[in-house]
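>>> generate coordinates for the sequence data below:
(2 chains)
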There are 2 protein chains.
Amino acid sequence: MAQGNPLFDDRDVRFVLYDVLGAEALCELPYFAEHSPQTFDLYLKAARDLARNEVFPTYKPMDEAAAHYQDGRVHTHPVMRELWPKLVELGVLNAARPAEVGGQQVPLVIHSAACAYLMAANLSAFGYVMLTSGSAHLIEAFGSSELKDKYMQRMYAGEWTGTMALTEPQAGSSLADVQTRATVVPDSADGHYLMSGSKVFISGGDQTITENIVHLALARIDGAPAGIKGVSLFAVPKQRLAADGALVDNDVSAAGTFHKLGWRGIPSIALSFGERGACHGYLVGEPHRGIPYMFQMMNEARINIGIHAVATASVAYREALEYARTRPQGRSAGTGATAPQVPIIAHADVRRMLLRQKAIVEGGLSLVLQTAQYQDLSHHAATPAARERALALLDLLTPIAKTFPAEKGFESNTLAVQIHGGYGYTSEYLPEAWLRDQKLNSIHEGTTGIQSNDLLGRKVIKGGSGKGQDGITLLREEITTALAAANVAGVDQLECDALHRALDIVVDLSGHLREAGARDFEAALRHAVDYMELLSIVVIGWMWLRQATAAKRALAARPGDEAFLRGKLAATQYWFRTELPRVAQLAALCKSNESSYADMRDEQW
Amino acid sequence: MAQGNPLFDDRDVRFVLYDVLGAEALCELPYFAEHSPQTFDLYLKAARDLARNEVFPTYKPMDEAAAHYQDGRVHTHPVMRELWPKLVELGVLNAARPAEVGGQQVPLVIHSAACAYLMAANLSAFGYVMLTSGSAHLIEAFGSSELKDKYMQRMYAGEWTGTMALTEPQAGSSLADVQTRATVVPDSADGHYLMSGSKVFISGGDQTITENIVHLALARIDGAPAGIKGVSLFAVPKQRLAADGALVDNDVSAAGTFHKLGWRGIPSIALSFGERGACHGYLVGEPHRGIPYMFQMMNEARINIGIHAVATASVAYREALEYARTRPQGRSAGTGATAPQVPIIAHADVRRMLLRQKAIVEGGLSLVLQTAQYQDLSHHAATPAARERALALLDLLTPIAKTFPAEKGFESNTLAVQIHGGYGYTSEYLPEAWLRDQKLNSIHEGTTGIQSNDLLGRKVIKGGSGKGQDGITLLREEITTALAAANVAGVDQLECDALHRALDIVVDLSGHLREAGARDFEAALRHAVDYMELLSIVVIGWMWLRQATAAKRALAARPGDEAFLRGKLAATQYWFRTELPRVAQLAALCKSNESSYADMRDEQW
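Purely as a prediction, here's the structure:
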């Protein structure tokens, strides 16, 4: 069964990209001028084929035989050595980057869809790509031309991999507490610093895939100010390039691996820098700017987590759907004991679980792709105003695009296990592995609590990244426009009205919380997670409204797609009738500022 | 940290047993006349001490080294051979059974609390106890005196273990499809049948703990009617007792183990009966009555799953609480970068997650213990009317007592992982293991979908086990009584009013669905899971109302407990403000009979 898993429904990916998002319009912008729907499709097809034929078969072996630590090295699964060159050849490491660094200038919305297939096939294997690409991007954005020549080029070329080395034992979510030291070496010809310190949870921090690894590490230059304003960004290669071009051991050692619940194909490692006092680090950008640099990349990383989460939910949904269609169990009411058993998809409750998965997976996919499209537009839209508008919407949607798929994707993956029944609880079937994988997505790159504080505190109460564009106001405009289009297309009026009401509630609540936050910021954040939940429901409602609109339009034009399009209308109905009514209740909770947990004293537990 | 985990808060267990449930009143009933609060406390203390000192330390080793299949046998963890006699010595196998079968006649409400500690310590280890006790109980209830002498006695004495052998590859939830065959042996002196067939997912189906195992197996006597009315119950020992008292191999073979996500200390096994045509089975009770017999025991098994789920949620909650108190990370708003980090419990969102866990764990514990008390009363209350009333309430509450802790316990265990952050995702810490364990509880002994259909279909629409006692009517009486008591005790009037309103909604909705079900039973079950959810919220609200009432009373009498009691009021407030408002929305959804998933056609996915 697993062999036939499509990872995503190709029709759905096309539907979202073209019918809903109109991604082909990007080709009219100068940056994407070399592209056309045909080049998009070629790239998507190449990624999809590789994902299905080469990547997916590696998933279970890599989950079963996790990387292990031996003799000071981490040994990753041997299959990765075969897979890596194929991923590199596909071009995913820098497909979306500019031509001047060897990229293809593929829009992120298309690139993200391609990556989604690969993540669904084996999220750990793709993790090496994402980390290498993201860390090279940091050098591209902030590094010297020497760093670009020496390190970034080889990373984008897939010769070496990269990591993000942020976390330390005492500094997980609190990056202000980074203690890794960087000491100036006064007479150094290449301007290197001497690094010393320990990092933990460094994904891909050691491997037996390529000959070298470049860690993008946060550290504190001796004498730097305390807190986040004293943290700098360094490139710390496992082996450094000497002046003569030789690779020299750089005193970076793997101290052991963590044993993780999932993502078992990519090791999470404790690293030591400079145990022998010989670890060179190269400053990226200016001193003490490490945190802002990281955060500039963080948006991208967070959206990628959202795509990971959608992908992990999608592959499990497709598996559950196939299982439900083929597993006979039980009978419909009113049939005799000698009637054959029916496939479990005949039971309404199984269809309930499947439609909930569909609503989460396909709603989530459209959200992460919409967010990726705003990334494209924030950089490359035709006018400054359009770029600013896209940036403000991107800013608002990023924490939601990370959190909704992570949290609801976990619920969706749980349903995939549940549909498989007792078999779902065993590793003879795949859903339990995807359930394990999915749990990380609410933790890494900022927990759900942190994302929620970012959304309500920074984006709503404090007005986001500024430039006078308020995200909630822009979101209201977008949804209002979508409602008008839905109306024209003939989407159910009751559904339109329901979203309109929910939108009014969001606008009212956001204004209320902004005022409350001006008085007492910390108290106003008390229900940040509830606010995240309710805004997610509305945003996914917006996504489903647009899918329903596109479906209504297409029903006339493409009668052959009718069944697929009616499924879209059913999922819209499900979301609007089941989830949207929760908005009013959650808003009342946020507004009441219910204080039970805030008031709990330590001795009361 | 794990070493100090209390598993449950002893104060809370006492509070629920005595302040909320008044369990000491059971001692006035003849069946429990030998007991007193002192004998209860001795039993609870013995269980608690064993759980903390001997059982809990075996949890991680047994999770890490799951039972394995080798040379036709399943080898369970060697530590179980040491632990088993201690569990037997505690008396848990038959503590609640009558004196005539060697039991202590401990009320189930007390026994369940004792078991909860042991389950929290190591649910797999305790699984052997539960299965042995449950299968012996089947023989006690329905078996011949010969079966009792030969098998039940040795099972209650812990010499042999027992299993429930229901499931077959084609018959998971659908027990009507059991195909294991039992063939009459006309001239047999002991009336045995020859068994042949395969079972799957038999927990504890083979082990290296005791010399013998007795499987209580469903099978079909040759020529039996199709469907559930042709399924019989058999005792099928691994080794049978010959006439001379010798143990003879009974042609039961372990065909392999399933690799499970959790519960890794107790193997789940595929069994074959009669591969050599020499497997003897002994009919328990009358032919073709296997399903009703099983269901009579199933209520007990389902409540036990609920207790397992509460226990697994409790141990993780206590672990998360301790972690949150001791893990420094981040700072409160407004403190400088050089201020020391605060323990994460200082962050409101961490307290939100902890209070949600507390509400689920302690609300769930009071529900499962209340349900166990109804079991006691259904058998041993002073009058037939009181017994019938307890039985009707037990009947209604059983699917809730199984499902609420399983589903919300999984959410609670997820929060325990989340609070541990990145560490929570690793097996260096325990929460990920409890998360894995918890997932089974929504699947085994009837999935959440099946429990929900049982609740809405059998218990509400069809009026339950009959005798003219309608469960919803009785529940309304109970909650109304509790509201009056809460009023007297001075519980927040707004909270009382909110529960009153939610209760009215339940009563109205139940009547509506009963009428709808009379017209179209299958359509009325469409929102059975939503009905389960809303009734659970109300029932747990009832539990918290009674805890708040008891807390208010105790505040005056036991000022030393003030902090603990205020914590109870805070958890009540949390549940009433956060969960109760969902009832109206869920009821509207049920009433609308929203049909999106019911209408989905196969080609529309």
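>>> can you show me the strands along chain A?
All strands of chain A, identified by DSSP state E, fall at A:68-70, A:73-75, A:161-165, A:181-184, A:193-203, A:213-221, A:232-237, A:239-241, A:247-249, A:252-258, A:268-273, A:280-283.
>>> got TSV for those, with mean pLDDT too?
As requested, the strands of chain A are exported to TSV (pLDDT from 0 to 100):
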stretch	mean pLDDT
strand A:68-70	92
strand A:73-75	95
strand A:161-165	97
strand A:181-184	98
strand A:193-203	97
strand A:213-221	98
strand A:232-237	98
strand A:239-241	97
strand A:247-249	97
strand A:252-258	94
strand A:268-273	96
strand A:280-283	98
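>>> which residues touch stretch A:389-399?
The contact list for stretch A:389-399, computed with CB atoms under 8 Å, 6 or more residues apart in numbering or on different chains, reads A:299, A:302-303, A:367, A:370-371, A:374-378, A:381, A:446, A:451-452, A:454-455, A:459-460, A:464-465, A:467, A:469-472, A:474-475, A:478, A:532, A:539. Placement of C-beta: from N, CA and C, glycine included.
>>> is it true that A:H380 touches A:A33?
No: in this structure A:H380 lies outside contact range of A:A33 using CB atoms under 8 Å: 10.3 Å.
>>> before we move on, the earlier item: can you narrow the contacts of stretch A:389-399 down to the ones near chain B?
Among the contacts of stretch A:389-399, proximity to chain B is found for A:S452 (CB under 8 Å from any CB of the partner chain).
>>> list buried residues within the contacts of stretch A:389-399.
With neighbours counted by 16 or more other CB atoms under 10 Å in any protein chain shown, the contacts of stretch A:389-399 contain buried members at A:299, A:302-303, A:367, A:370-371, A:374-378, A:381, A:446, A:451-452, A:454-455, A:459-460, A:464-465, A:469-472, A:474-475, A:478, A:532, A:539.
>>> around chain B, which positions in the stretch 401-550 of chain A sit nearby?
Contact residues, the stretch 401-550 of chain A versus chain B (CB under 8 Å from any CB): A:410, A:414, A:417-418, A:421-422, A:424-428, A:432, A:435-436, A:439-440, A:442-444, A:447-449, A:452-453, A:521-522, A:525-526, A:528-529.
>>> any idea of the pLDDT on the nearest residue in space to A:Y18 that is not next to it in sequence?
Nearest residue to A:Y18, sequence neighbours excluded (CB to CB, 6 or more residues apart in numbering or on different chains): A:E24, at 6.1 Å. Here the pLDDT value assigned to A:E24 is 98.
>>> with A:S465 instead?
Here, the pLDDT recorded for A:S465 equals 65.
>>> could you do the one 5 residues further on as well?
The score at A:D470 is 91. That number is its pLDDT.
>>> could you do A:F295 as well?
So A:F295 comes in at 87 (pLDDT).
>>> could you do A:Q3 as well?
Note on A:Q3: pLDDT of 52.
>>> nearest residue to whichever residue of the stretch 51-200 of chain A sits closest to chain B other than its sequence neighbours?
Relative to chain B, the nearest point of the stretch 51-200 of chain A is A:S174 (4.4 Å; CB to the nearest CB). Spatially, and ignoring its direct neighbours in sequence, A:S174 is nearest to B:G330 (4.4 Å; CB to CB, 6+ apart).
>>> and the one you found, how far from A:Y31?
Remark: distance between B:G330 and A:Y31 (CB to CB, to the nearest Å) = 39 Å.
>>> which one of these two has more residues nearby?
Neighbour count, other CB atoms under 10 Å in any protein chain shown: between B:G330 and A:Y31, B:G330 has more, with 21 against 15.
>>> so that one makes contact with A:Q170?
No: judged on CB under 8 Å, B:G330 makes no contact with A:Q170 at a distance of 10.9 Å.
>>> so what sits against both of the two?
Residues touching both B:G330 and A:Q170 (CB under 8 Å, 6+ apart): B:Q341.
>>> spatially central residue in chain A, please.
For chain A, the residue nearest the mean C-alpha position is A:I305 (1.9 Å; CA atoms, centre = their mean).
>>> pretty sure A:N441 is one of the things that one touches, is it not?
Yes: with contacts counted by CB under 8 Å, A:I305 reaches A:N441, the gap being 5.4 Å.
>>> quick check: neighbours shared by those two?
Both A:I305 and A:N441 are in contact with A:K402, A:P405, A:A406, where contact means CB under 8 Å, 6+ apart.
>>> quick one: contacts for the last one?
Pointing back at A:A406 there. Neighbours of A:A406 in contact, by CB under 8 Å, 6+ apart: A:I305, A:G306, A:A309, A:Q438, A:N441, A:S442, A:T448.
>>> distance of it relative to A:R289?
Distance of A:A406 to A:R289, given as CB to CB: 29 Å.
>>> pretty sure A:V491 sits against A:R546.
No: using CB under 8 Å, A:V491 is not in contact with A:R546, being 9.5 Å away.
>>> of the shared contacts of A:I305 and A:N441, closest to chain B?
A:A406 (10.6 Å).
>>> how many neighbours does A:G463 have?
For A:G463, the neighbour count with other CB under 10 Å is 17.
>>> how is chain A partitioned into domains?
Per the record, chain A has its domains at A:7-156, A:161-288, A:451-599, by automatic domain parsing.
>>> how far does the longest one sit from its chain's centre?
Shown here is domain A:7-156, whose average C-alpha point lies 13 Å from the average C-alpha point of the whole chain (CA atoms, centre = their mean, to the nearest Å).
>>> same question, stretch A:150-163
Distance, centroid of stretch A:150-163 to centroid of chain: 22 Å (CA atoms, centre = their mean).
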